[in-house]
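Q: attaching a predicted model along with its sequence, questions to come.
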Amino acid sequence: DAMVIQNPRYQVTQFGKPVTLSCSQTLNHNVMYWYQQKSSQAPKLLFHYYDKDFNNEADTPDNFQSRRPNTSFCFLDIRSPGLGDAAMYLCATSYNSGNEQFFGPGTRLTVL
Amino acid sequence: GESVGLHLPTLSVQEGDNSIINCAYSNSASDYFIWYKQESGKGPQFIIDIRSNMDKRQGQRVTVLLNKTVKHLSLQIAATQPGDSAVYFCAESGNAGNMLTFGGGTRLMVKP
């Protein structure tokens, strides 16, 4: 009974080639988050949506964009991936901000 | 490729022993705390949470202790099993509506 689904699980892209990661949820939660996690580090919040309201973290590069076309889906667009963008990208949801977050399995991005 | 991550503190315990993982936080306004377990290649998984009006909460084989005076949080795992081997993150949020802030993580290794 998957609740937060991320596709693909593994993504390989070339330096500078745009890539889109997707996340969907069956929980009907208001908030959806995107995190970047590098090896042996804590997840780093990139941005989140509260319903349709987009909230960007101050230090998130412009290279990262997001779309939430409806309650269930949220996308992470990396416009020009660099080698430093190789990481695990985690999607999470919560009913409200500050509540428990439910994480998806993540997408491992490799940049060649 | 992916940059080299920070070295995670590691706790190594014998199977069957109890484990204690510690976390310090700095925001005295934090009022909600969560422990997450993350196995290799997977997203963080909720273990247990606690609100600031409590100092102890128990789950199945796990107990979270909160000491607001010294801003310290701990996770106790009873009768540690090989399946408990993972990285454990604490996370906190202050005031309703604030984002979760993750701690640095501790790697738990269980020796058979």
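A: Perfect, thanks for sending it.

Q: which secondary structure element contains A:M32?
A: Using DSSP states H and E, A:M32 falls within strand A:31-37.

Q: could you pull out the helices for chain A?
A: Assigned helices in chain A: none (criterion: DSSP state H).

Q: where in it is pLDDT low?
A: By pLDDT under 70, the weakly predicted segments of chain A are A:1-2.

Q: can you name the residues of it sitting close to chain B?
A: For chain A, the residues in contact with chain B (C-beta under 8 Å from any C-beta of the partner chain) are A:4, A:6, A:38-43, A:45, A:48, A:83-84, A:86-87, A:90, A:92, A:96-106, A:108, A:110-111. Any C-beta I mention is one placed from the backbone N, CA and C, and that applies to glycine too.

Q: from those residues, which land in strands?
A: A:V4, A:Q6, A:L45, A:H48, A:A87, A:L90, A:A92, A:F102, A:F103, A:R108, A:T110, A:V111 (DSSP state E).

Q: sorry, back to before: now which of the residues of chain A next to chain B would you call buried?
A: Buried members of these, scored by 16 or more other C-beta atoms under 10 Å in any protein chain shown, are A:4, A:6, A:38, A:41-43, A:45, A:48, A:86-87, A:90, A:92, A:97-106, A:108, A:110-111.

Q: got TSV for the ones in strands among the residues of chain A next to chain B, with distance to B:S12 too?
A: Rendered in TSV, the data for these read as follows (distance: C-beta to C-beta, whole Å):
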residue	distance to B:S12
A:V4	31
A:Q6	31
A:L45	30
A:H48	36
A:A87	27
A:L90	27
A:A92	29
A:F102	30
A:F103	26
A:R108	27
A:T110	31
A:V111	34
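
Q: from the residues you listed, which two are the most distant?
A: Across these, the longest distance by C-beta to C-beta is 27.6 Å; it joins A:F102 and A:V111.

Q: and the helix or strand of chain B with the lowest mean pLDDT, what does it pack against?
A: When each helix and strand of chain B is scored by mean pLDDT, DSSP states H and E, strand B:101-102 comes last, with a mean of 90. Using 3 or more C-beta pairs under 8 Å, 6 or more residues apart in numbering or on different chains; DSSP states H and E as the contact criterion, the elements in contact with strand B:101-102 are strand B:86-94.
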